[in-house]
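Engineer: Give me coordinates for this.
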Amino acid sequence: MTNPILSMNQATIKYADLATALRVCSEADYQSIGLWREPVEEVGLDTAVKMVKDSGLRVSTMCRGGFFTMEEGPARRASIDDNRKLIEETAALDCHVLVLVVGGLPEGSKDLTGARLRIGEALSELEKDALDAGVTLAIEPLHPMYCTDRACVSTLGQALDIAAPFNPKAVGVTVDTFHIFWDPQVQESIARAGREGRIATYQVCDWKTPLEADPLLSRHYMGEGVIDFKPLTEAVWNTGWRGDIECELFNQKIWDTDPAVVAKKVSDAFDKEVSPYWPL
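Structural biologist: Predicted structure coming up:
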């Protein structure tokens, strides 16, 4: 039986449409799923809300908002408006966490400091929307190799510093093992995130070298790589956070596999590598 706290992030079965993803998770005894906006918008929000309700699954997170680092202008206004729309969609799905990939350097820029400052400025515009909707905006620090093109926030400590001025109910952080396991300060940062009430979601997968030709597709089943899940999982547990734990895999071979097979392999890997350190 699938662990009741394990959630399947929809990116793990990327080629499954919403109906298939919900069916596969239900048939594999998952109780929770992390949704991506594209499959939801493909069927329409109202239809997606009904499909999720009928499935009986919880929605652990919605992916993904963010991309805040461009300078003021039409593109930035469009991004802010799009995130407001995503907040509303997240709430409509009875989900309380919108994961943010904050964005890298704007085209032609080398100003990382300015890019990071603009993340906070965007969050200041969205804080009230998030509070009104009951949605936490979860800043996701990404591995430094993604710093210039996807997320100029690379450590949990950086994410917490950006979140600090805001209500923890509105702005939190994503703890993703793939992105933060390497950080010498990760234990202290997880503890800090717990003290500050900022943990919005815990996501697990493994790191294995050599990386794929496309580094984005280098996430592996837990146990296939070098991440020690014991100290990370125990650190999150010790904060008192008790949400669903998501498995999110970007990997072409996994995407090419039958989603039902993937669901079983994720569950088995979770039971071996993560579950022993998360008392039920």
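
Engineer: List the buried residues of the host helix or strand of residue 81.
Structural biologist: Using DSSP states H and E, residue 81 maps to helix 74-92. Neighbour counts over helix 74-92 (16 or more other Cβ atoms under 10 Å) mark 76, 79, 83, 84, 86, 87, 89, 90, 91, 92 as buried. For every residue, glycine as well, the C-beta is placed using N, CA and C.

Engineer: so what's the second one up against?
Structural biologist: Residue 79 sits next to 67, 68, 70, 122 when contact means Cβ atoms under 8 Å, 6 or more residues apart in numbering.

Engineer: go on, the fourth one?
Structural biologist: In this structure, residue 84 makes contact with 126, 129, judged by Cβ under 8 Å, 6+ apart.

Engineer: mind listing the helices in the chain by residue range?
Structural biologist: 18-27, 37-43, 45-55, 74-92, 112-133, 156-163, 177-180, 186-195, 229-238, 252-255, 259-273 (DSSP state H).

Engineer: Let's have the ones you listed in CSV, adding distance to residue 217 and mean pLDDT.
Structural biologist: What follows is the helices of the chain, written out as CSV (distance: least, Cβ to Cβ, whole Å; pLDDT from 0 to 100):
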stretch, distance to residue 217, mean pLDDT
helix 18-27, 19, 98
helix 37-43, 17, 97
helix 45-55, 26, 98
helix 74-92, 24, 98
helix 112-133, 25, 98
helix 156-163, 23, 98
helix 177-180, 12, 98
helix 186-195, 23, 98
helix 229-238, 21, 98
helix 252-255, 5, 98
helix 259-273, 15, 98
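
Engineer: Let's check: the centremost residue of the chain is which one?
Structural biologist: Centroid-nearest residue in the chain: residue 99, 4.8 Å away (criterion: Cα atoms, centre = their mean).

Engineer: quick one: it and residue 26, what's the gap?
Structural biologist: Residue 99 sits 23 Å away from residue 26, going by Cβ to Cβ, to the nearest Å.

Engineer: same question, residue 134
Structural biologist: Relative to residue 26, residue 134 is positioned 25 Å away (Cβ to Cβ).

Engineer: neighbours around the closest residue to residue 193 other than its chain neighbours, how many?
Structural biologist: Excluding the flanking residues, the one nearest residue 193 by Cβ to Cβ, 6 or more residues apart in numbering is residue 199, at 4.9 Å. For residue 199, the count of nearby residues is 23 (other Cβ atoms under 10 Å).

Engineer: what's the answer for residue 179, then?
Structural biologist: 25.

Engineer: That one contacts residue 143, doesn't it?
Structural biologist: Yes: if you go by Cβ atoms under 8 Å, residue 179 and residue 143 touch, sitting 4.7 Å apart.

Engineer: Show me whatever sits in contact with both of the two.
Structural biologist: In contact with both residue 179 and residue 143: residue 154, using Cβ under 8 Å, 6+ apart.

Engineer: quick one, what contacts the nearest residue to residue 173 once chain neighbours are set aside?
Structural biologist: Once flanking residues are discounted, residue 173 sits nearest to residue 159: 4.5 Å by Cβ to Cβ, 6+ apart. Taking Cβ under 8 Å, 6+ apart, we find residue 159 in contact with 139, 140, 141, 153, 173, 174.

Engineer: Residue 252 versus the residue nearest to the fourth one when sequence neighbours are not counted, what's the distance?
Structural biologist: Of all residues beyond its chain neighbours, the one nearest residue 153 is residue 141 (4.8 Å), with distances taken as Cβ to Cβ, 6+ apart. Using Cβ to Cβ, one obtains 24 Å as the distance from residue 141 to residue 252.

Engineer: More neighbours: which of these two?
Structural biologist: Neighbour count, other Cβ under 10 Å: between residue 141 and residue 252, residue 141 has more, with 28 against 13.
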